[in-house]
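Visitor: Need coordinates for the following:
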Amino acid sequence: MMDCPITFRCPHTGAEVDAVLRQPTDACRCETATYATVPCAACTRFHFIHALTGALIPPTLLGPASWTP
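Guide: Residues are numbered from 1 along each chain as shown. Next up is the predicted model:
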C-alpha cells in the first residue's frame, strides 16, 4: 500500500479538504473499483473516494440521505 495525499471538495459544505488515501500497489490492483472511507474535516462525516482516481462518490449515488450520519 502507498499513501497518496489528495484534496477533494466536500459535497455538503463545498470546502476543499486535504486527506491521505492508501492506494493499492500495482500487484494488488484489480479491475473492480476500490473505495476508501475518508473522514471529512469540513463536515465531520465520512465520504467514499475511489482509491485509484481520487474521485468522490456523490451522495446521491449512496442512497437515501437518512443513511448519512
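
Visitor: Can you give me the neighbour number for C43?
Guide: For C43, the neighbour count with other Cβ atoms under 10 Å is 16. (Each C-beta comes from the backbone N, C-alpha and C, glycine too.)

Visitor: is it true that it touches H12?
Guide: Yes: when contacts are counted by Cβ atoms under 8 Å, C43 is listed as touching H12 (4.3 Å).

Visitor: sec struct for G54, please.
Guide: At G54 the chain is in coil, as set by DSSP: H, G, I helix; E, B strand; the rest coil.

Visitor: what number of residues lie near the closest residue to it other than its chain neighbours?
Guide: Among residues not flanking G54 along the chain, I6 sits closest, at 4.5 Å (Cβ to Cβ, 6 or more residues apart in numbering). Neighbour count for I6, taken as other Cβ under 10 Å: 17.

Visitor: now do F48
Guide: The burial count for F48: 16, using other Cβ under 10 Å.

Visitor: Tabulate the CA atom coordinates of the helix or strand it falls within in CSV.
Guide: Using DSSP states H and E, F48 sits within strand 46-50. Listed next in CSV are the C-alpha coordinates belonging to strand 46-50 (Å, rounded to 0.1, in the frame of the first residue of the first chain):
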residue,chain,number,x,y,z
PHE,A,46,-17.3,10.2,6.1
HIS,A,47,-17.1,10.3,2.3
PHE,A,48,-16.3,7.5,-0.1
ILE,A,49,-13.5,8.1,-2.5
HIS,A,50,-12.3,5.9,-5.4
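
Visitor: Which strands and helices lie in contact with that strand?
Guide: Counting contacts by 3 or more Cβ pairs under 8 Å, 6 or more residues apart in numbering; DSSP states H and E, strand 46-50 is packed against strand 2-9, strand 35-39.

Visitor: Just the buried positions in it, please.
Guide: Under the neighbour-count criterion of 16 or more other Cβ atoms under 10 Å, strand 46-50 has H47, F48, I49 buried.

Visitor: what does stretch 48-61 give?
Guide: For stretch 48-61, by 16+ other Cβ under 10 Å, it's F48, I49, A51, G54, L56, P59.

Visitor: same deal with stretch 11-20?
Guide: P11, V17, A19.

Visitor: Isn't F8 up against H47?
Guide: Yes: look at F8 against H47 with Cβ under 8 Å: they come within range, at 7.1 Å.
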